[in-house]
Each structure stands twice: as structure tokens, then as C-alpha cells.
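Engineer: the sequence isn't on hand, but the structure is:
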DNA sequence: ACCGCTATTCAAAGCGGTTTGGATGGGGCA
DNA sequence: TGCCCCATCCAAACCGCTTTGAATAGCGGT
């Protein structure tokens, strides 16, 4: 069923039918009603490709997810982000196109996306410090919103980010206030901008308390359960073990918790844990009561915000890029408590 | 830079340029070389929309992920599956379009996808027993491959699935062979086909050993760490606690492990755990040595297979639907061991 | 020198929509 | 009654590419 068919069926011209369906004013209400009824009845949908060609708008947003060959993990946060963004697109009648781009030929990939013209805008995932893709997209003149930020890029660009440094600064201060002095950081890979910022926040809070970060108590890597476990285990066996851990992901936190158990330590009493919580659907931090004390910020919500911002940019290009900085809330669970001296604990448990 | 521009620039007709670039034989080699050079030099890319409209091929595959409002979890397996499928699409020049479809208006959504014509085929995620979408897609005449199967649908359809029942049957038998008699099942939601099959496999193995499943030792729900933990904790406090757990996901298994610890039990010695392992990037079952004994099958590989099968169907519709049944391998980790009597253990630990 | 064949190239007609620039006809107003 | 304007509708061009059907030219054969 094409527009033409429908028009013929109704004894109208394609023009009128098109206008009736697209809400143009110069069509009689009676006619519009007739057209709409017929369209519904015949289950007519305009062909996307034709519409795109005619209007020059792709009505689609591209999500480009980087696939680096070294650490080939697809960011687990991605699914939830997409779900949030997808809601917004669906409401606005946009499609969502995914492209996996190997780190190697990013340049080519983005240019191709641009010239193929099948998206109206792009959401950039997993920005790194000084990410070159931002300048590239700017050059290409394709509207884009970054999920996160890229330290070191000074030209303004549109982004939605969590205030990672502030979140981790607060979390660290929270632990310091509880009397903790040896705080370990189990972070994500620090070429990723979010991880870098978290470390900065961590160090800033320490500095404010006249402490300096101990390199032996900082680790950065894929945020997995194993990472948390292995890192914590090693650290807990040091001469001066940490009394608290700050982790970048619930999975890591769970790994740390396991290591505590193995060392016969009680979480929240002997050793504290604070983690960041992205509020992923399948990775909840307790039900009503949080288990882990956490800096919480919904990735799904970030998805919604990014999508909304991008659509707005596409409808009406703003004079200068907007941005949104979401504050994580610090929720207190049962994984934190006042510092205890682990060394003395070791001698007389 | 359009085809027409390029043609004019070269003093050729659009026809010839098009043919030169698309490798048709009826164009002189010299001309082809000239055209290609010019195209490269001007960085010409054919407009996707136009090409699609002209050829009638969308060069895109739709992934439809169901969003049920009750359990609004985006399947965590999804990201890895997509990564696998994406590899294949990229190589074949296909795009990937995501659509989130609320359970409510699936019918409408699929019809719309069909008539909008922006995908050449669909991959169906998260099939349920007797899933109505299969008949619908069949009706719509849109090529599709199901990731998983739908029990109760007898007409043949294309699918790629893990042999879930066999995997869980083997896992159960493995535990039985170790002397376990009270085996608990911590399953996914059993309206999902994969979960159903796993339970069947579980029950089949029990039946073969003249045992029947104890309803009190079976639980089905979202496969989260909390689920595993809560279920295991409750079960371990029964009069006749299970000596082994079979779980549908690593997350659940990790939850069970935590419950064991809390009850003062040692995994692999006092209580055994076998889990299914989808080999997700961010959820590894140990490094070289597996931690959990597991039925292992890569979701990413399943993604590749689905994509490959679908593209093949699109290129050349086969007389009847193909299918692939992947066998999970049973890898032995340190989470399993011979059954011990937990009741006696309780009295004299 | 003429003919048929093959190798190249091209004009024009789609693909299925949107959009521009009129037509047409009836109502209001002088 | 005549004229203008507005409300409505339509024919045709266009978006950028593919593809059909035909034209052209060069070549060998007789």
C-alpha cells in the first residue's frame, strides 16, 4: 500500500493525501478525516526510505559504540542507556541505529556515517580524555551529544555527564569523616574519562584532608567482580591494609565484598565499601534498602537526557552546545561504618 | 557530491557512473578506472536513502527487544549478543536498527516495522513459550531468525539456540553423579522459553535417577545476584536444605555463593554450585581456571550465528527455515564436589 | 562497401514520498 | 452583478540512485 494507491483509492491526489496525513492546514477537515480513516483501515505506513529521501531527514539517531580489540568488553552500562534513549526516540518517531566501530578506523567510520547520511545525529559513547572523535564530529558538522565528557577538550560540545569527580569526592569525604585514612580506589580503566574524573575527585578529597593517595591502594581496570576481588585481596594482605574501598561499579564492589569474607572480615564493620551505582536493571543495589553505600545515578535517565538533548539540537540547532551535569546522590547502605584498626584486629580478632 | 555531479564532472551519464562504481561488466575498464579515481578524489559516497529506495533493500537488520513493563530489565545478555551480530553486519555492509517494543502493542509494532520497510529482516529476542510473534512475522513475510526457540510452536522457523535442556540435564546428572540428591534450581522467569527448557532438562535428569523435583527447591525470577542470594538463603534454612544449586546465570550463582558464606558453608565442599555461563564480556567465570562449574555457551557467538543465518536467508531465501542448536560445554570449576550431609554438618560443624 | 555483432554509453522511467506553483470554485463585499 | 480572495485540491518537479530499453560506434567477415 503506497501513497499513490491510497490516493487513487480515495479519488484524491497524492499531494492531498500526503498533506492530510502530515497535518498541513490547507486540507479540509472532512477530507483529512476520510484520509486518515482509509489510512488506518488499509494499515498504511509511509515508506521510510522514500520519506527520508524526500525530506532529507533520516529520522534516526546513530549510536556509535567503540570496540577496542584489547579490552573487548561491551560496556554493560550500554543496554540500560539504550533503553532510556530508546524511550525518547520512540516517542519522537526516531529510529535508533547502532554501529560498532573498532578503535582502529574510527575516522573512516565516522566520515562514512556522515556521508551515508542515514542518521541525523550521533550519540558518542565511552569518551576518553582528549577524545579525538569530538573534534572530528565537530568538523563533520553532524549534531552529536557525548555521554560523558572528554577532559582536555576545551572547545564547547554538547554532553550529558554525571558529576563523577564530585561524586567520588563526596564518597571519599564520607569515608574520611568516618575516620578512614587508608582508602583504596578500585577504578575503571583510566583512559576512560569517567574513571579519570573519579580518581581526581578521590584525590581531591584526600588532599583536603592532608592525605595523599597511596599508589599501592589504587587500581584501575575492567570493572568486573574478579577485578574487585583480586585487587581487594592483594591490598588486604599488605602491611597496611585499607580500611575502606571505593569502587567504580557494583560488580567490583561485590568482588571486594567476597575478598573481605575470604579474609574473615565483616563488611561495614571491619572494612567499608562505597561504590558507584549506575542503577542497572539487572544489577540492583538491594531492594528498598541499599546494601552498599553508593553514589547513585541512573544510566537510563542519562540515556533519556542525551536523547532529548540531541533531538532538540536537531530540531533547532542552538547557538552554542548545551550540557547537563547530573549529580549522583550518596545513598547510605550497610557497607560502611566507622574505621577500625585492621592491624590490631589481625592480632586479636 | 551526488552521482549526477560526478557524472557531469566526468562528462559521463549517471548510468555509466553508477555501473562503473557497482562493478557491472558493461563498462570499459579505462572508464571504470577514471570514474573510481574521480569518486575517490571527490570523496563521493552514494546516498544511502536513495540507494535503498531505488533497490528496495534497506541494508539493515532490525533487532526488536521486548520491554515488558513488569520486569523492565533489559536483558544483560543483549549487549554481548549485539556485539557478535554487529561484527557480521559490519562485514556485510548492513546496518543495525534497534527497536524497543513494549509488550503491549507488539502486533502494531511489528506491522509497522514491516510496512515502514526500513529493515530487510529481524532478529527476535527473548522468545517465550508459544510466542505469538513468530506466527505474526511469518504472516508478515519478513525474514527473521529467533535467538532462542518457542516451545509449542510447531511450524518450522529459523532459530539459533543453545541446547538448554540438554545442558541442564547434563549439569544435573553431573551433580547426581557426585552424590547430590537435594538439588535446587534457581532459574530465570519461566515464561521465557530458555528457562522453561532448562527446568525440563533438570527434571528429566532427576527423573532418570528416580527423583522428583521438590517445588520448594525451585525458584524462578529475574536472574540477579539478589535473587540467587535470597533464594539460597531461604532454601539453606529449610529442614532439608539442598546440597547443590543449579543456577541460570553467573549473577545468580554469585548470589548463592554469598548466601553460602553467610551460612558458614564452603562452596565446593559443603555445597556445590553449577551455573550457566553466557561468557559475557563483563561477567567472566574466572580467568584461565573457571571458578564455577558451568554450562558454557557464548552469547556473542550466538549473535554471530544468528546474523549470519539471517543475512543468508535474505540473500537467498531457503526452501525451509534453517536452525542451529549450539551445545553448551560443561566446564568444571571449583564450585562443585561430592555431596556432604548438611544436616549432620549443622550439628557438628 | 555492406552487414551483423559486440562493446559501450546514454536517456528516461521508476522507487515512494514531499513540495512548489498553480488551478478551481464558492463566498463576501462593493 | 462583478471581482477578489481564500479555501481546497492537484499536476508536476524533485530527492539521488538503479535499471530498462535503445542508441552508437567500432570491428571482423564476406
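Structural biologist: Good, I have the coordinates. Please read all numbers here as calculations on a predicted model, not as lab measurements. Residues are numbered from 1 along each chain as shown, chains lettered A, B, ... in the order given.
Engineer: who touches residue A:51 in this structure?
Structural biologist: Applying C-beta atoms under 8 Å, 6 or more residues apart in numbering or on different chains, we find residue A:51 in contact with residue A:59. Every residue, glycine included, has its C-beta placed from N, CA and C.
Engineer: and it, which of the three is it?
Structural biologist: Counting by DSSP: H, G, I helix; E, B strand; the rest coil, the backbone at residue A:51 sits in helix.
Engineer: okay, now the unreliable bits of chain A?
Structural biologist: Counting by pLDDT under 70, chain A contains low-confidence residues at A:69-74, A:341-349.
Engineer: run through the strands of it in chain order.
Structural biologist: Secondary structure of chain A (DSSP state E): strands located at A:60-67, A:95-102, A:121-124, A:144-147, A:159-162, A:183-187, A:218-220, A:244-247, A:272-277, A:293-296, A:323-326, A:329-331.
Engineer: which helices and strands does the last one pack with?
Structural biologist: For strand A:329-331, the helices and strands in contact under the criterion 3 or more C-beta pairs under 8 Å, 6 or more residues apart in numbering or on different chains; DSSP states H and E are helix A:164-177, strand A:293-296.
Engineer: re earlier: and among the strands of chain A, the most buried is which?
Structural biologist: Of all the strands of chain A, strand A:244-247 has the most neighbours on average by mean count of other C-beta atoms under 10 Å in any protein chain shown, namely a mean of 30.
Engineer: just give me how far it sits from the chain centre.
Structural biologist: With C-alpha atoms, centre = their mean, to the nearest Å as the basis, strand A:244-247 stands 21 Å off its chain's centre.
Engineer: can you pull the contacts of residue A:170?
Structural biologist: Applying C-beta under 8 Å, 6+ apart, the residues near residue A:170 are A:201, A:205, A:295, A:330.
Engineer: returning to that earlier point: I'd like the strands of chain A as JSON lines, with distance to DNA strand C appended.
Structural biologist: Formatted as JSON lines, the strands of chain A follow (distance: least, C-beta to the nearest atom of the strand, whole Å):
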{"stretch": "strand A:60-67", "distance to DNA strand C": "15"}
{"stretch": "strand A:95-102", "distance to DNA strand C": "15"}
{"stretch": "strand A:121-124", "distance to DNA strand C": "18"}
{"stretch": "strand A:144-147", "distance to DNA strand C": "24"}
{"stretch": "strand A:159-162", "distance to DNA strand C": "30"}
{"stretch": "strand A:183-187", "distance to DNA strand C": "49"}
{"stretch": "strand A:218-220", "distance to DNA strand C": "50"}
{"stretch": "strand A:244-247", "distance to DNA strand C": "51"}
{"stretch": "strand A:272-277", "distance to DNA strand C": "44"}
{"stretch": "strand A:293-296", "distance to DNA strand C": "43"}
{"stretch": "strand A:323-326", "distance to DNA strand C": "31"}
{"stretch": "strand A:329-331", "distance to DNA strand C": "44"}
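Engineer: make JSON lines out of those and add distance to residue B:215.
Structural biologist: Shown next, in JSON lines, are the strands of chain A (distance: least, C-beta to C-beta, whole Å):
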{"stretch": "strand A:60-67", "distance to residue B:215": "43"}
{"stretch": "strand A:95-102", "distance to residue B:215": "42"}
{"stretch": "strand A:121-124", "distance to residue B:215": "46"}
{"stretch": "strand A:144-147", "distance to residue B:215": "45"}
{"stretch": "strand A:159-162", "distance to residue B:215": "44"}
{"stretch": "strand A:183-187", "distance to residue B:215": "41"}
{"stretch": "strand A:218-220", "distance to residue B:215": "45"}
{"stretch": "strand A:244-247", "distance to residue B:215": "38"}
{"stretch": "strand A:272-277", "distance to residue B:215": "34"}
{"stretch": "strand A:293-296", "distance to residue B:215": "36"}
{"stretch": "strand A:323-326", "distance to residue B:215": "45"}
{"stretch": "strand A:329-331", "distance to residue B:215": "36"}
